[in-house]
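[1] got a sequence here, can you build the structure:
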Amino acid sequence: MMHLAAFMFTPGSHSAGWRHPEAVPECDMDFRQYAHIAQVAESGKLDAIFFQDTVAVNGSASLDGAGPYRPRQGRTAYLEPTTLLSALAVITQRIGLIATATTTYNEPYNLARRFASIDHISNGRAGWNLVTSQIEDEAGNFGADHHMAHAERYERAEEFFDVMAALWDSFGDGALIRDKDSGVYVDTAKVHLQNHKGKHFAVRGPLNIARCPQGRPIITQAGSSGPGMDLAARTADLVFTAQSDLAEAQAFYADLKARAAKHGRNPDHIKIMPGLMTIIGATEEEAEARYRELQGLLADENSMRLLARLCGDLDIFAFPPDAPLPPLPLSNAAQARQRHLVEKAKRENLSIIQVARYLATSLGHHLLVGTPARIADTMEAWVKGGACDGFTLLSPYYPAPLERFVGQVVPELQRRGLFRTEYAGTTLRDHLGLPVPPNRYEM
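    From the prediction side, this is the model:
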């Protein structure tokens, strides 16, 4: 069975999608809209909804007087996702709930406590998307002018995860006795200190929350650079990546599964789910018309700003937009996404403006335009061809495209025996087919 998650990037993953006549751009701040979207995804039996997060307003550095503020896209204000997951947990029953939180601008104890709480509130449906931060605007909100170097961010992330995982094992099973007659509330022999002292963190512990229903929340990782893949291979249960070419996806899949095996892990216990945006029509002509309508809303100026963020120190605006994409200096932001764009431009002979439009359309992820059957054909070919275990579904805007996918593509996948018709379990681990990890202090 393939796995499916809905990627939540309000008001839409297409940079101009919020302008579409069908779009509800207020979904960025309206909880009722988030609730509807989550319930639509759950009605389609999707594994999870997956919230992106950035702890800054993109492009906000220009507010310091260096120039007029021009946001790169509609995504400027939106609800904080871990808070949102707690609310969505009580109006959904089965769907997994994944939120992004950066290891660069957080502390392990606080995040361990937050995600453990969500896992308890949701009865075992929480997931943490571990990121190291891309947008340089974030640094200015935490006392820095720029991110720490890419390699150092990943070094910090490795230690951050180790501390989090140990904290989640603070309480053994049955540690909370709560016996009124004896007056014994907790079995102290089953409460474990961490006493962690490393390069980046010193954390005594224990976490003041009992062990999660899932043992620990699901770990999601989105980095596809060399350090990102190594981190994912060691820590991740689910990997969100960006490939738009079958051979590229197959190579990434084989590489990451092999890295997981080298870490002593079962390769089947890491699920690779690349991003996928679909534009659906009852006919090919209707789907193409919808695509053209969306592309007609794009502003090349905004598309170029999105690309500029991934160009390192190179001023991409100094080149003619119809020129080929020049060699790019290594970015301190999203190195894997930069490499993906460079390779796609070379493979498809794309100009600078074509690369920018591609990025603005689907955030650099795979785009499929067509009928439900045609979209299902490609999804089936990728899963059966060893390119992925499923997909993370991007929506150009909300809620109609996700409603179409759930109403039209999901039944086609179910008809082919590729996707569940009912949830078999109650936790996100159940949906992904992953075992509960043992408590390290009680093995």
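
[2] neighbours of residue 286, how many?
    By the measure other CB atoms under 10 Å, the count of residues near residue 286 is 14. For glycine as for every other residue, the C-beta is placed from the backbone atoms N, C-alpha and C.

[3] how far out from the middle of the chain is stretch 165-173?
    25 Å (CA atoms, centre = their mean, to the nearest Å).

[4] identify the residues contacting that stretch?
    Residues from elsewhere that reach stretch 165-173 (CB atoms under 8 Å, 6 or more residues apart in numbering): 108-109, 112-113, 116, 187, 190-192, 194, 196, 203, 205-212, 215-217, 235, 439-442.

[5] how about a cut-off of 10 Å?
    If you take CB atoms under 10 Å, 6 or more residues apart in numbering as the criterion, stretch 165-173 is touched by 108-109, 111-113, 115-116, 119, 186-187, 189-196, 203, 205-212, 214-217, 219, 235, 437-443.

[6] mind listing which of these are in strands?
    In strands, judged by DSSP state E, the following of those are found: 186, 196, 203, 219.

[7] among those residues, which one has the most neighbours?
    Within these, most neighbours by other CB under 10 Å means residue 219, with 23 neighbours.

[8] distance of that residue from residue 262?
    The spacing between residue 219 and residue 262, counted by CB to CB, to the nearest Å, is 18 Å.

[9] now do residue 111
    Counting by CB to CB, the separation of residue 111 from residue 262 is 27 Å.

[10] same thing with residue 402?
    Residue 402 is 37 Å from residue 262, where distance means CB to CB.

[11] of these two, which one has the most company?
    Counted by other CB under 10 Å, residue 402 and residue 262 do not tie: residue 402 has more neighbours, with 25 against 11.

[12] quick one: name whatever helix or strand follows the helix or strand containing the more buried one.
    Element membership for residue 402, per DSSP states H and E: helix 400-404. Next helix or strand after helix 400-404 toward the C-terminus (DSSP H and E): helix 410-415.

[13] tell me the average confidence for that following helix?
    The pLDDT scores in helix 410-415 average 98.

[14] for that helix, list the C-alpha coordinates in PDB.
    The C-alpha trace of helix 410-415 is given here as PDB (Å, rounded to 0.1, in the frame of the first residue of the first chain):
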ATOM      1  CA  VAL A 410      -8.000   8.300  -3.900                       C
ATOM      2  CA  PRO A 411     -11.000   6.100  -5.200                       C
ATOM      3  CA  GLU A 412      -8.900   5.300  -8.300                       C
ATOM      4  CA  LEU A 413      -6.000   4.200  -6.200                       C
ATOM      5  CA  GLN A 414      -8.300   2.200  -4.000                       C
ATOM      6  CA  ARG A 415      -9.900   0.500  -7.100                       C
END
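
[15] just use 681 as the starting number from now, easier for me
    In the new count, where the first residue is 681, that last one comes out as helix 1090-1095.

[16] for it, packing partners?
    helix 1052-1064 (3 or more CB pairs under 10 Å, 6 or more residues apart in numbering; DSSP states H and E).

[17] could the C-alpha coordinates of the helix it packs on be exported in CSV?
    What follows is helix 1052-1064, C-alpha atoms only, in CSV (Å, rounded to 0.1, in the frame of the first residue of the first chain):
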residue,chain,number,x,y,z
PRO,A,1052,-7.4,11.0,-12.0
ALA,A,1053,-6.5,7.8,-14.0
ARG,A,1054,-3.4,9.4,-15.6
ILE,A,1055,-2.3,10.8,-12.2
ALA,A,1056,-2.8,7.4,-10.6
ASP,A,1057,-0.8,5.7,-13.4
THR,A,1058,2.3,7.8,-12.6
MET,A,1059,1.9,7.4,-8.9
GLU,A,1060,1.6,3.6,-9.3
ALA,A,1061,4.7,3.5,-11.6
TRP,A,1062,6.8,5.4,-9.1
VAL,A,1063,5.8,3.2,-6.1
LYS,A,1064,6.1,0.0,-8.0
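
[18] what about it, distance to the chain center?
    Distance, centroid of helix 1052-1064 to centroid of chain: 22 Å (CA atoms, centre = their mean).

[19] pull out the buried positions in that helix.
    Of the residues in helix 1052-1064, 1052, 1054, 1055, 1056, 1058, 1059, 1062, 1063 count as buried by neighbour count, 16 or more other CB atoms under 10 Å.

[20] ok, the third one touching residue 1081?
    No - at 11.8 Å, residue 1055 does not count as touching residue 1081 under the criterion of CB atoms under 10 Å.

[21] quickly list what's touching both of the two.
    Counting by CB under 10 Å, 6+ apart, the shared contacts of residue 1055 and residue 1081 are 958, 959, 960.

[22] give me the buried subset of the contacts of stretch 845-853.
    Taking 16+ other CB under 10 Å as the criterion, what is buried in these is 788-789, 791-792, 795-796, 799, 870-872, 874, 876, 883, 885-887, 889-892, 894-897, 899, 915, 1117, 1119, 1121.

[23] who are the contact partners of the residue nearest to residue 815 when sequence neighbours are not counted?
    Once flanking residues are discounted, residue 815 sits nearest to residue 734: 5.1 Å by CB to CB, 6 or more residues apart in numbering. The contact partners of residue 734, by CB under 10 Å, 6+ apart, come to 755, 758, 780, 782, 811, 813, 814, 815, 817, 818.

[24] buried subset of the residues you listed, written for PyMOL?
    Those of the contacts of residue 734 that count as buried under 16+ other CB under 10 Å are selected in PyMOL with:
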select buried, resi 755+758+780+782+811+813+814+815+817+818
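
[25] which single one of the contacts of residue 734 is nearest to residue 970?
    Nearest to residue 970, judged by CB to CB, of these is residue 755 at 21.2 Å.

[26] do I have it right that that closest one meets residue 707?
    No - contact criterion CB under 10 Å: residue 755 and residue 707 do not qualify, at 11.1 Å.

[27] quick check: closest non-adjacent residue to residue 706.
    Excluding the flanking residues, the one nearest residue 706 by CB to CB, 6+ apart is residue 713, at 6.5 Å.

[28] check the burial of that neighbour by counting its neighbours.
    As a burial measure, residue 713 scores 18 neighbours (other CB under 10 Å).

[29] make sure it is actually in contact with residue 1079.
    Yes - counting by CB under 10 Å, residue 713 does reach residue 1079; the two are 7.1 Å apart.
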